[in-house]
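**Q** the sequence isn't on hand, but the structure is:
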């Protein structure tokens, strides 16, 4: 059962989260010059009185939790209901990640008074949520198939 389509979806979620951990998720520009950027662990400004803020550290922790939960749920292919609960929980974590990301992006935009540039990496959690929903659908379909086969015996 590890070769099911939900395993592919969950593997893509792991890849997207790992990409999100490695690349910057927000940049602020004043005209053509970059005045600040942040990734999943720290915000840094490029001005002479540089500001470092560890507020985004929670974003990195959530991303790491999602990666770990998704890897565990891939290995729980024999226990579909447990796998389903873990995928639903990681989806809830990703929704919380997006809400906190929006709050931080707005906060740093007010702090720098510059325009915010949304990189492609910031869209990856949305794609991960969609892939988690597709995996949930696949897991439920497998569970329904197994239950219907048990009924025929």
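**A** Nice, thanks for sending it over. This structure is a prediction, so every number in the text was calculated from the model and none was measured.
**Q** quick check, central residue of this structure?
**A** Against the mean C-alpha coordinate of the chain, by Cα atoms, centre = their mean, the closest residue is residue 125 at 3.7 Å.
**Q** counting neighbours, what do you get for residue 84?
**A** Residue 84: 20 surrounding residues under other Cβ atoms under 10 Å. All C-beta atoms are positioned from the backbone trio N, CA, C, and that covers glycine.
**Q** contacting residues for the spatially closest residue to it that is not a sequence neighbour?
**A** Closest residue in space to residue 84, ignoring its immediate chain neighbours: residue 139 at 4.8 Å, by Cβ to Cβ, 6 or more residues apart in numbering. Residues in contact with residue 139 (Cβ atoms under 8 Å, 6 or more residues apart in numbering) are 6, 80, 83-84, 87.
**Q** now do the buried residues in the helix or strand containing residue 139.
**A** In this structure, residue 139 sits in helix 124-152 according to DSSP states H and E. Along helix 124-152, these residues count as buried under the neighbour rule (16 or more other Cβ atoms under 10 Å): 124-125, 128-129, 131-132, 134-136, 138-139, 142.
**Q** next one: stretch 58-66
**A** 58-60, 62-63, 65-66.
**Q** which one of those residues is nearest to residue 42?
**A** The shortest approach to residue 42 among these belongs to residue 60, at 8.7 Å (Cβ to Cβ).
**Q** tell me which stretches of this protein form helices.
**A** 5-22, 57-75, 80-112, 124-152 (DSSP state H).
**Q** could you redo those as CSV and give each row distance to residue 29 and mean pLDDT?
**A** Formatted as CSV, the helices of the chain follow (distance: least, Cβ to Cβ, whole Å; pLDDT from 0 to 100):
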stretch, distance to residue 29, mean pLDDT
helix 5-22, 21, 93
helix 57-75, 21, 93
helix 80-112, 9, 90
helix 124-152, 21, 89
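**Q** out of those helices, nearest to residue 44?
**A** Short answer: helix 80-112, nearest of those by Cβ to Cβ, at 10.3 Å.
**Q** just to revisit the earlier point, out of the contacts of residue 139, who's nearest residue 18?
**A** The closest of the contacts of residue 139, once distances to residue 18 are taken by Cβ to Cβ, is residue 87, at 17.3 Å.
**Q** neighbours of the closest one, how many?
**A** Residues near residue 87, counting by other Cβ under 10 Å: 26.
**Q** much appreciated, bye for now.
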